[in-house]
Each structure stands twice: as C-alpha cells, then as structure tokens.
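Participant: Sequence unavailable; structure follows:
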C-alpha cells in the first residue's frame, strides 16, 4: 500500500488515496469513522473549540462493501472555516510553523489559510487510511495501540502489558492512569489560560508481528520504515524505539534482553530493544515513543518577519488552536504505525 | 543517489554500490580513506583490539580520477578474521544482536561468523559512500559534522556553533570538551574491565542546506528522509531533531523559534526546530541527536536459547568487541547524514 | 511527480492525485479541459454514442490559480451510466478484457459495472494529469504531439517534421493526411456495422528534451521510463522507439544515424534511434509508436465461461462501445508521454 | 529483488549487486555459469572474435552454498582488453552508440574504452542476476525461454508450444527451425563480409505465472514491469506483447481470445493477449517480442563530429564487434524476463 494525502485546511475537501489495498476486505466504515472521532476536536475540554464533523466518504475502491483492490480514495469535506482569521498572517510566518519553509518551497504560492496543506487537519485522512490498515492487520492478528506517555513532564504509568492499550483507546483522554491524566489536563488548561501550549510524548506498541520482518539495510529496516511514517505526522520531532534515549545511560548488561523459551516459543525476558534487533523484528511487540512538540500556534505575541518588506514584526495568532495536540495525536500515531506495519508485512 | 551495501564480516570483501553519483566529480580518494580511518578501530585505547586496515578500492564508476556518473562500487577486503570464535554461538543467539531475528529471516542460512552482514563492520562501506557524498556536498557549501554528545550519562559541552565541529573531526575521541571526553573514556574503560559495555548519543549538524527542501508529506519530509538513513546504522535506536525529547517538557513559548532578519536573510534566533518546520528545511542547520545502544557483545555470561533443541542455555561471547561503539560511530552518523542531505538535494 | 489514478467507471467520480507538482504554475484549467474534450466521445461519428461531459474539478493543490506544490487532486464526476447493461456479464468475463484477470486478482470483488477501474474511462484523469504536465513542459520548451499512424492497416502519411503535430491536435480525427483519415474512418464504420472493432497505432514525438537525460541502467533508461507510462494506458500492447520493429529488417549502415553539425549544435541527419542512444536522450526528438489493440468489447457473440459454475457459455456484450479506440487514444498517449518527459526531467 | 549493475568494459570488473534475494536458496553456480556461457562470444562463428572467459565469482550473500537473503554481489573480472583500439574515437562519437549521449550526460567524463558502462559486455552481470532469478522461479514452477524470431527479415518457425523453448536453450544458435537458423547465419556472415551488421527480433515466453498478478495502474501493470527490465538491455528498441504490432491490423473478433475450460481451469483458446489483460496476468504464458537493432559498431566509414572542435569528421571503428547481437542476446532477454517475473511475484 502506498498513500497520498491531499487537500488543504480551507479547501473543499481533505482526503487520501491508498493504492494497493488488498481486495476482498469487508471494510467497516463505522470503525473508520470511530477512529476519526477519536481524533476529532471536541472530545475533551482541553482541545480546540473548532467544530469539525469529519465524516468520511469513500469515492473509489469499494464495491458492495468490499475493497476492490484498486485505489481507495476517502475524503472529508471541510466546513466551519474562518478563513479570514488567517489573512493578517499571510506574509508574516508564525514561528515554528511550516509557514516560512512552505513559503520558500512554494515560491509564495501556498494556501496560507489555516496552514493549508501543512495543517494538523491533514492528519484526519491519515487516520482514515490507518483505520483501513488496522482492519487489514486485525485479520493477521496484529494490533496497534498507544497512550499519552507524558505531557509537560507529567508521566503516565508505565506500560506493563500491551493488552492494556485496548481500554485506553476508549478514553477521551487516552492514558493508562487517569489520575495522571487529570494532572496532564490541568497542565494543558494552565498553559491555555496563559495563552501558551505544551508538548508531550506518546508511546505506541504494535503486537503480533512475526519475527523475521525487515532487514538491516537502508530502506528495509524496521526502525527506518516506522520512522518514515511517524515523522510524516506534523509535530513529531523524535522517534525512539524500545528503551529509547535511556539506552544512552545504560550498560550492555542492563540493555540486553535475555532470551527465554515460553510455550515452546523463543521470547526475550525484557523488551528494551522494542521488538527489533539488527533492523528485523524479533517477535516481541514493536514499541516506540514519539516526541510531540508544543503546538506552535499560541496566542502570546511572537516575533516574525514581513516577507514582503523584510522587516521584523510582532504578530498575534488568532483562531482556535489546541493548547496541546498530544491527546488528539494518539490515534494519528496509531494510524501511522498501522500503515508502517502493513508496509513491513509487504501489504 | 541510491546505494546498496553488501558483504559479510568474514566474507572476502565488504562494499557498496552507489547509483546516481553525479558525473565529473574529481573524487579525492585520500579523503575517503581518511573518513574510513576515523572509523577504523585502533585509533583510541577504548576501541576493540581487532586490526582492520580498511583500504578502499574502487571497482567501477571512476575514470581518470573523475566520477563517470555510472554506478560507483567501492570495496574493502576483509582480513584478520577469527572465524572460529563464532562457531560456538552459531545456534545460540547473542542477546540483543541481530542473530536470532536474522536466523528466522534467513531460515537459518545467515553467515553467523562475526555477525555476517549484520556486523558493525558493514558501516565501513557506508562511511566510504558518505565520504563521496561529503565531497559532493562540499561543492554546494553543505557541511556535515558530529560529536559525541554523551556516553553513559556523561555529557559533552553544548554545541554553540556548528563551526566547532570541523575541529572535532580531527580528534581521536571526537568531543567538544576534552575533559568531558576523558571522563567518558574512563566510563568506557571501567565498563570494559567489568566485561560490560556502555551506550551514548551523538549530535550531528548539517549546515548550508537551503530553505525549502522537503515536504510535509510521507516519503518527502526532511525528518523522515534523515531518519531512514540514520536508522540503517546498526545500534541507532532513536533519532530526535532539534530540541528532541526535551520538546515534551516545553511550552510553545519556549519551543518556538522567533524569526529575525540577519544580513538581509530570514533566520530564527534559536534553532529548537533543528532546521525543519512542516517537514521542510528553513535554512537553519539541520540538527539531530541519535541514541546509540550499548554494544550488545559483552563478555559477561548471558541467557540464550539453543535454536536446535529449544533449550535455554548460558553463553559467553568470545572475540574482540568495542566496549562502546559511540566514538567510532561518529563518522558513520556523519556519512548517513551526508547521504540523506544528498537525497534531499535531489542528488 | 507521481500520480495515482482512482475511481470506477460507474462509481461517483474518477480522478487523479498528483504529488510533486512544481509550485507556482499558473494552471490554465481551460487547457486541461480542452485536452479532456479531445478525448471525450462524441467528437467524431466513429466513436461511442455515450455522452460524457467530463468536466474537471480541482479538489486540492491549487490556490488563487496557482499550484501550491502540494498534492493536486482533480476529479470528474460520473454520469450517464447504464449500470444495468453489465449485470448479465458479472460472472461471464468478456474475452480480452480485464474482467477475468481482475476477477482473480480481486477475489471476485471488483466493480464489474462498465469495467470498473479497468475501464478506458479511467484515461480521462490521466489526460488531466498529462495536461498539467504539458503546461510544465511548455515552460521548458518541451512539446508533445501525436497522430494516428495506422488503423486496420491504413497508414497515415509519414511524419517528416514534428512541428506538423500541432495542427493535428486541433482535428477531430487526428491524422496528418485527411484523405487517409477518411479511409480509416470508413474501415472503422465498416467494422462497427459488422458488430466488430479494429486496432491501429499512434506515433508520438516529444521535442525539446535536452541531450543527456536518462541512463543505460535499469529504472533510469529513457525507453524504460516512457514505456512504463505508455503501457499503463489500457489497450497499448506494444511500444517501439524510432525505427521500431523495422530495425529487425535493417543493416547497421542503414540504421545508424550519422552525426552532423547544424547551427553549431551536434545533431543526427536521421533519427532512427528515436532520440535515444544508450538509454540517454541525444537531443533529437524522442519518437515512438504504440500499438493499440482492437476494442475487445464487440457486439458479436463470443465464447466465455461462467465463473460460478465453470461452464463454457456464449455471451453478447451490450452497451455502447467504441469500434476503434485509436482516435480518442491520441491525447491519452500524449498525456502519458508528457508525464514520462516530466519524470525524465526530474520533475 | 532490486539490482544494480556496475562496471566498465575495460575496468577491473563488471558485476551486479542484487538486494532482496530470498534466503535459503541452494544456488547452483554451475547453472549461473552455464547461462553466462550461452551469452559468451565464441559459441558460434557469427559472433565476435573477442575471447572472454566470463567466470562468475560471488563476493557476498552466499554462505555454505545457500543464499543468506542479504545482498548478493557477483563479479566477472575483465581481461583480453584492447583499450588502445578506442583512444582514436574518444572525442568522435560512434553513430547510434551511447558515446555522444553519454559524453553529454557525464560532462565528458565517461570511460570511453570499449563503450565503458554502455558496453554490451554489461549484459553479462545481468545474465548472472537472471540466472539466480531463474532458480528462484523454477521452485515456483515458472520457466522462461526464448528464441531468435527473426534476423534481417528471415523468420524462425512460429512458436506453437512454449515447451519447445527448453531444447532451443541448448543450441549455439537458438532457433526453433535450424534450417532457418542457417539462413540467418548466412545473412549475418554476408553483412560481416560487407563490414556491416544486421538486426533482428527475439520472442520470449514466461510460463507458469498464476493469473491475477499485476494491476492496470501505472507502476504495477505487467507490460510496464516487463518492459522496464527489457528496455534496460542495450539495443532493445521495441517491446510488443502477444500479437504485438499485428494488433494494428486486426479486428476485435480476430484479436480476442475466446475463453474455454480445460481440466477444470479457465484458459483462452488463443493467446493473442500474451497472457495479460487489463495489465494483469490471466494465467496463460506471458509472451512478447523484442526488437534488437543492428549492432551500431560497423567497420564501414561513418560520419561523426569531433566534440572538441565541433568539426564534422569521418571515422572508422576498429576493434572486434558482433555483426549481429541477436543470437547472444537470447539469454540476456531471458534474464531480464526472469527478473521481471520475480518482481511480479513480489520476490
């Protein structure tokens, strides 16, 4: 499967075309919609006040409820757009947004309204594509789950068993430990009140992948494949597998995962490697943590430059923005991981 | 350019074929060899006692000292192999090595001697390919540099100016602050004495890339392209751009990089974004940190499984291994980054 | 640029998503529509009686009349569908159509109505994508033109000068010699009357490509790149460059193109090579001929098999089909060639 | 599997690196050598008098006689080089060779000796890679065979049954009808005597591919995939599937392949489609014909241009060249087809 996500935040639609979907899948569109609803704002008071109904429509590749194996196109119509909010900032890029880089790349021709194609809104079609991937994976016994691992330094409980993630997916605020979740919410609301935003991290696990997928080589290794999907999610700035950055503090004797035999199957007693050795799956869950930067759209005054005149200028961002994108990014990270898992399986 | 690295640790040669090298480059083979020498063991007492001469030979793609634009193949002949060291471990995989995953993938047919194709030795041809990439980049004013940012929790000085990295490349132990380097060395030697190993991290910067390269989309975004090259380096378990994992602790007001005008050019006053916004370069140095896990080959007894009988078994790894791979990985990370930078530039 | 064509003949829309369109192109949608109109049935009495309005709509990637550089999605809404015509043939594949192969591939799940995704109708979005490519090429002085070179053995005049093709593009029946065109028309109408169809060939030329594009190697050579685009056009069964199949009858002394100097530029006196030597452009027009098979949908009774029962069965195809697809395929071949030329130019 | 062919005609070696070879294949190197011997000159008096021993050596990816699944590199050492023969032509490109196009592409830096990387000699590593592919295919019941279908207008007997091709592979002059082969030989020797060369065509069949492989879409369709491999063979100027160019002379009622049931399996009574409908295999043999241009290297005087001075000049090509490359190209076309078949099968 390969996919192209298209659309702009304030254009007529956003959508995705997925090529190579296996034929004959009885696609459950309610489940696709359910994933979109998890991502949709308005689920939790910490999110943006924008209303987005985000109803998925299938344009191609589905016939009598089953995938045909030909390209599957899904769209979501845009609405509730306050395009006027953005005109003031057309030539004064918002710090740490894609505005300036996009301006240069597009020779000044990008759709500046609501971030255009760079908007976090474009993660909705990614979630739709990922929801299809999840249904394919389910048939192979592969599941994908994630939780908020930290927000502004407040850490969720450690994930002891990947099975716990199924219940997390049902929560409006997807954490293992709801008390910790409440603390995180407070941190977000405080930031919001101070016209600011906060970052965090998401831990994700893919279970059920057989040992032996991937290769050590460029373009084929498991970490490289996953990271390519994950970094395509806006705001992701780091991807760390297994013990992740803690490896830098470890000795080999701590970091190494001892082998054992369980029910006649080779397993490792720990999973610091995150299910990957030598770029190849070892049969343990593939686990990783992604770092999500604070939402760059904050209401505080910021320093910018007028791209027409070259003058430094102070800007204030209007519009309705998430003070923390992490909770809504959980299903997005799952979607990216599901697509990566399909790629690894040669789907 | 696309490359395929081939060879096994104890086969006749290791090498790389690079397709798409621009024609007409006066390739300085001494500089290629210099990069290989930086990676070669024996530069520092903290490294393995193995002797590897690692002389690069060009088999194709070079004529009268210039690249022809047709595939460039470089090889390094293997020697000083103690293949017998490995026979005992053929069916008892070393924890956290690629042995087990490779065994499954290859249906038991991999070359087990010295890690075969999974050996860290395969980073030598990567360094050779990267040395070619560096010469191409130099013509475009792009430079790549790196330093050890930490080993076993001991941190190097902060990188204030990417220009400092040129001097670091000359050092046997590539750190900014030699006193910190001495502490790191001690930590490595202690680990070695205790038959153990340690992990660390490398910070890398690519300067001179123009703004506007990349795209937010899957397969095109800067972070995704870099990470695909970086995770193809064995032992890399995490890739974090700019402020990296610290983003999870930050507020937007801290994380955002204010714009300014300097010498008529738009810059950012800080570079927490690591030179990338919206998946596109913004003209600032592209910076990232990679986490390097502790060498999995340690002399301490470890738990494994006999893959023939399915019995749990204790193993001891013989052979000569680096107690810390981080110092020798510095030119390898630079090589991977150079290849990624070429990819971004459409070379 | 890479593109995915999506949609089914009797689904809601057909369309294309094009990634990598250069930003800042003032896209002339009238020209895009003009290309679609050239392909549209109803231009000539020899074509199908189906009415298709084929209005192009842009869903993404265009802002204020200019391309943004982000994925460009164009759709055409379907209408005038007689889906009922096809139900009788759902399990009795039409000979030499994609029905049977598609049935196997899709595990019986393809949209059988009107050929579904296999329909010649899917060449409309290809023409739209090609029309964008043509506008990009025009800025670089590259033009693409084609004419019917033969139908059922009746040959058009030889193309002496590629400049003649501009006028051909304006004709409802795109030939150089209208008298020959009239003969071809008669052959088509005779076949139609006899409930049959006829095949033919199209010659295409791409002028203005600089020398030095491509490479001899797999995946990079000019003929391979063009043929990949051309064979993706339904009904194309052969692609032959320059002198084409006549090379098999030639001696080297006839086939070789002598070099000469014209206006200080190296040219060849003949262009038997079709502008390509060693897989690389030589600066002469890239020329090739594609063979278009007779429309497989004919009204005569034909032998099929009932895929449910495995019994041999005679079928009769209802519906409105072109007795010859060649005239309408001319803009389609141009579109495929334009996309290939962009690929060669690294666009 | 993807491969990169490297080397120059007069460099130290020519070779190929193949990535993605399935692990565990007991590679029969004698069969690989046997394929190289079929291609080697000196098998038939019509070929060049150059002596090439063409012994294959494996550098990587093979351990204890089995493929490891890691990149397989095979080389052939060059010898018997008369490099001096080529110095006179360094700046005066041979008509219809890659010399001029290569000169422009490489900015004058290509290895001009013996055609460098553009030499037909580079088909030797292709044959080696194809020989590996054939062994993989054999395990899946897929076979590849070819014969000379015509030389200079003299046609071989029609291929009635693809099983006949096994015997052809044993012949020094690979035709079905040896009497026709003798006529072809005479045509070649006559051309040789007159310091000229001749072209021809090769018909190839791939049997045993299951129905349902491929897709109608760009990048996925069977004809497109095969043609990409075939056009990467130097001197191939046309690729035509099934009835090929004869489709242009046919009516649908002749061209369509009626369905039938044979031994409970759906087949077609004829195979004009060459085993492909809608870009997808239909279970019949995939058949195609490639056109091979006359060898451009002829001893007759020819018109060239001195690239240093821009003056027109007459040249005479020295060296030992095949007056017809078609017989030796038969195993090369089989090799390319075998690699394409593997690609289709997802290997």
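Facilitator: Cool, the structure landed. Owing to the predicted nature of the structure, the values given are computational and were not obtained by experimental measurement.
Participant: Show residues contacting the worst-scoring helix or strand of chain A on mean pLDDT.
Facilitator: None of the helices or strands of chain A scores lower by mean pLDDT, DSSP states H and E than helix A:84-87, at a mean of 75. Helix A:84-87 is contacted by residues A:10, A:112-114, A:318-319 when judged by CB atoms under 8 Å, 6 or more residues apart in numbering or on different chains. Every residue, glycine included, has its C-beta placed from N, CA and C.
Participant: Who wins on neighbours among those?
Facilitator: Most neighbours among those, by other CB atoms under 10 Å in any protein chain shown: residue A:112, with 25 neighbours.
Participant: ok, now which residue in chain A is the farthest from the centroid?
Facilitator: residue A:309 (36.6 Å; CA atoms, centre = their mean).
Participant: ok, which stretches of chain A are helices?
Facilitator: Taking DSSP state H as the test, the helices found in chain A are A:29-39, A:84-87, A:99-105, A:123-138, A:165-168, A:178-193, A:222-230, A:252-255, A:326-344.
Participant: what's the distance between the closest residue to residue A:326 other than its chain neighbours and residue B:208?
Facilitator: With sequence-adjacent residues excluded and distances taken as CB to CB, 6 or more residues apart in numbering or on different chains, residue A:326 is closest to residue A:200, at 3.8 Å. Counting by CB to CB, to the nearest Å, the gap from residue A:200 to residue B:208 is 33 Å.
Participant: More neighbours: which of these two?
Facilitator: Between residue A:200 and residue B:208, residue A:200 has the larger neighbour count (other CB under 10 Å), namely 30 against 16.
Participant: how about CSV for the helices of chain A, with mean neighbour count added?
Facilitator: Output for the helices of chain A, formatted as CSV (neighbours: other CB atoms under 10 Å in any protein chain shown):
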stretch, mean neighbour count
helix A:29-39, 18
helix A:84-87, 14
helix A:99-105, 26
helix A:123-138, 26
helix A:165-168, 16
helix A:178-193, 18
helix A:222-230, 27
helix A:252-255, 22
helix A:326-344, 27
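Participant: Mean pLDDT lowest where, among those?
Facilitator: Ranked by mean pLDDT, these bottom out at helix A:84-87, which scores a mean of 75.
Participant: which residues touch the residue of the stretch 151-300 of chain A found nearest chain B?
Facilitator: In the stretch 151-300 of chain A, the residue that lies nearest chain B is residue A:278 (2.0 Å; CB to the nearest CB). Residue A:278 sits next to A:216, B:97-99, B:101-102, B:118, B:234 when contact means CB under 8 Å, 6+ apart.
Participant: try 10 Å
Facilitator: A:214-216, A:221-222, B:96-102, B:105, B:110, B:115-119, B:234-235, B:296 (CB atoms under 10 Å, 6 or more residues apart in numbering or on different chains).
Participant: restrict those residues to contacts with chain D.
Facilitator: A:215-216, B:102, B:105, B:110, B:116-118 (CB under 10 Å from any CB of the partner chain).
Participant: Compare those residues and tell me which has the most neighbours.
Facilitator: residue B:102 (31 neighbours).
Participant: So for that residue, what's the nearest residue that isn't a sequence neighbour?
Facilitator: Nearest residue to residue B:102 in three dimensions, chain neighbours excluded: residue B:110, at 4.7 Å (CB to CB, 6+ apart).
Participant: my guess is the one you found contacts residue B:97, does it?
Facilitator: No: counting by CB atoms under 10 Å, residue B:110 sits too far from residue B:97 to count as a contact (11.3 Å).
Participant: Residues in contact with both of these two, list them for me.
Facilitator: Joint contacts of residue B:110 and residue B:97 (CB under 10 Å, 6+ apart) are A:278, B:118.
Participant: Is the closest residue to residue A:258 other than its chain neighbours bridged to anything, and to what?
Facilitator: Using CB to CB, 6+ apart and skipping the chain neighbours, the partner closest in space to residue A:258 is residue B:303 (3.7 Å). Bridge pairing for residue B:303 (DSSP bridges) gives the partners residue B:314.
Participant: now residue B:303: how far from residue A:149?
Facilitator: 29 Å.
Participant: again, but for residue A:328
Facilitator: 15 Å.
Participant: who's in contact with residue A:157?
Facilitator: Per CB under 10 Å, 6+ apart, neighbours of residue A:157: A:147, A:149, A:164, A:175-181.
Participant: if we go to 8 Å?
Facilitator: Per CB under 8 Å, 6+ apart, neighbours of residue A:157: A:175-177, A:180.
Participant: Those, buried ones only, as a ChimeraX selection?
Facilitator: Per 16 or more other CB atoms under 10 Å in any protein chain shown, the buried members of the contacts of residue A:157 correspond to this ChimeraX selection:
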select /A:175,176,180
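Participant: Could you tell me which of the contacts of residue A:157 belong to strands?
Facilitator: Nothing among the contacts of residue A:157 maps onto strands, per DSSP state E.
Participant: Which pair in the contacts of residue A:157 has the greatest spatial separation?
Facilitator: By the measure CB to CB, A:176 and A:180 form the most distant pair in these, at 7.7 Å.
Participant: which residues are in contact with both of those two?
Facilitator: Shared contacts of residue A:176 and residue A:180, defined by CB under 8 Å, 6+ apart, are found at A:156-157.
Participant: you'd agree residue A:26 is up against residue A:66?
Facilitator: Yes: checked against CB atoms under 8 Å, the pair residue A:26 and residue A:66 is within contact range at 5.5 Å.
Participant: More neighbours: these two, which one.
Facilitator: The neighbour comparison of residue A:26 against residue A:66 (other CB under 10 Å) goes to residue A:66, with 19 against 11.
Participant: Check the gap between that one and residue A:58 for me.
Facilitator: For residue A:66, the distance to residue A:58 - CB to CB - is 12 Å.
Participant: Now list whatever residues contact both of these two.
Facilitator: Common neighbours of residue A:66 and residue A:58 (CB under 8 Å, 6+ apart) are residue A:27.
Participant: thinking again about what came up before, more crowded one of residue B:303 and residue A:149?
Facilitator: Set residue B:303 next to residue A:149 and count neighbours by other CB under 10 Å: residue A:149 wins out with 23 against 17.
Participant: Tell me the one of the ones next to chain D among the contacts of residue A:278 nearest residue C:73?
Facilitator: residue A:215 (34.1 Å).
Participant: quick one, what contacts that closest one?
Facilitator: Residue A:215 neighbours (CB under 8 Å, 6+ apart): A:221, A:279-280, B:105, D:69-70.
Participant: for residue A:243, same thing?
Facilitator: A:250, A:255, A:272-274, B:237, B:293.
Participant: Same list (these) but as TSV, adding distance to residue A:335.
Facilitator: Shown next, in TSV, are the contacts of residue A:243 (distance: CB to CB, whole Å):
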residue	distance to residue A:335
A:250	31
A:255	30
A:272	26
A:273	24
A:274	19
B:237	23
B:293	28
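Participant: what about the closest residue to chain C within the stretch 151-300 of chain A, how many neighbours?
Facilitator: Ranked by CB to the nearest CB, the top residue of the stretch 151-300 of chain A for proximity to chain C is residue A:232, at 12.6 Å. A total of 26 residues lie near residue A:232 under the criterion other CB under 10 Å.
Participant: Pull up the per-residue confidence for it.
Facilitator: 97.
Participant: Now the terminal residues of stretch A:273-280, how far apart.
Facilitator: 11 Å (CA to CA, to the nearest Å).
Participant: same question for that stretch, mean pLDDT?
Facilitator: 98.
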